[in-house]
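Undergrad: Provided below are the primary sequence and the corresponding predicted coordinates.
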Amino acid sequence: MSLFKYLKDSFRTILCFLLMILVINLILISSTDLNKSILDIFYMDMLLFLIFIGFLIIGYIRWKSTYKGIENALNAHEKIDTYLPEGEKLEQLLMRKIINFKNEEKLEEIKVLKESLEEVNDYTTKWIHEIKIPISVCEFIADRIEDEGLYDISKELRQEVERINFLINQILNISRASSYSLYFIVEEINLGTLVKSIIKNNINSFLSKKVEVEIENLDFDIFTDSKWAYYIVEQVINI
């Protein structure tokens, strides 16, 4: 918002003023005695220049105060809505209309994206609930295989079922992340109980990897969402 920029924008106004002064001087010089009028013309020119410079200074101050806030907001990557000029000049009215139009345009785009995301989440949730049926069948088959004495095959099948359940829960929690506030319920839970539950549900994975788990100093209560805490700890365990 420099003075040079303002003068550059006011170039036509300045040029018009100089041409008017030139025309007036030529008319006065050609219509009067030069020796008698040259000093009066000089005083008149100086007075007009001072008045014009005064108008330029006032215009620059108003121009800077009007648009300085917008420039600072843009440089700081802040919202510019509160810095929009409130005047009734054409460019100020157009600026407000353009910003309001772009805001409405972005809100409409966000609405469409949210609707698309909700459709994907609904489909994902439906698919997860449907896939749990064949997973339950696989668990039943693992029980039948174990009853037949094929413990190794049953063990491998259970490990894969656990892995599938882990991946499905991962997808479910990721789909819920877009609506985090709707699913987040804060409650008091025991961290040790939570970790033991996760270890129990992933016991086959630990056994297959020959991992020995030791739990120490986890017997204290925390305030969090139990499902999200379960998901986060399970992610750490399965890294």
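TA: Great, that's in hand.

Undergrad: Report all helices and strands that the longest helix anywhere in the chain contacts.
TA: Taking DSSP state H as the criterion, the chain has its longest helix at helix 90-147. Counting by 3 or more CB pairs under 8 Å, 6 or more residues apart in numbering; DSSP states H and E, the packing neighbours recorded for helix 90-147 are helix 151-176. C-beta here means a position set from N, CA and C on the backbone, and glycine is covered the same way.

Undergrad: Distance of residue 59 relative to residue 9?
TA: As judged by CB to CB, to the nearest Å, residue 59 and residue 9 stand 10 Å apart.

Undergrad: returning to what we had before: angle of the longest helix of the chain against helix 151-176?
TA: Orientation check (axes from the mean of the first three to the mean of the last three CA atoms, to 10 degrees): helix 90-147 against helix 151-176 gives 160 degrees.

Undergrad: how about low-confidence regions in this protein?
TA: Residues of the chain that meet the criterion pLDDT under 70 lie in 1, 32-36, 176-184, 238-239.

Undergrad: tell me the domain ranges of it?
TA: 3-83, 113-237 (automatic domain parsing).

Undergrad: among those domains, which is nearest residue 97?
TA: domain 3-83 (12.8 Å; CB to CB).

Undergrad: how far does that closest one sit from the chain's center?
TA: Distance of domain 3-83 from the chain centroid (CA atoms, centre = their mean, to the nearest Å) equals 43 Å.

Undergrad: Then stretch 115-131?
TA: 24 Å.

Undergrad: before we move on, back to that, is it possible to export the domains of the chain to CSV including distance to residue 94 and mean neighbour count?
TA: Output for the domains of the chain, formatted as CSV (distance: least, CB to CB, whole Å; neighbours: other CB atoms under 10 Å):
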stretch, distance to residue 94, mean neighbour count
domain 3-83, 14, 12
domain 113-237, 28, 13
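
Undergrad: Now render those as TSV, adding distance to residue 97.
TA: Listed next are these as TSV, based on distance: least, CB to CB, whole Å:
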stretch	distance to residue 97
domain 3-83	13
domain 113-237	25
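
Undergrad: so residue 230 sits right up against residue 198, yeah?
TA: Yes: counting by CB atoms under 8 Å, residue 230 touches residue 198, with 6.3 Å between them.

Undergrad: returning to that earlier point: quick one: which of the domains of the chain is nearest residue 101?
TA: If we rank these by CB to CB, the stretch that ends up nearest is domain 3-83, at 12.6 Å.

Undergrad: would you say residue 188 is within a helix?
TA: No: Residue 188 is assigned strand when assessed by DSSP: H, G, I helix; E, B strand; the rest coil, not a helix.

Undergrad: Show me what the helix or strand residue 72 falls within is packed against.
TA: For residue 72, the element it lies in under DSSP states H and E is helix 34-75. Using 3+ CB pairs under 8 Å, 6+ apart as the contact test, the elements touching helix 34-75 are helix 3-9, helix 11-31.

Undergrad: Okay, residue 77 and residue 128: tell me how far apart.
TA: Counting by CB to CB, the gap from residue 77 to residue 128 is 39 Å.
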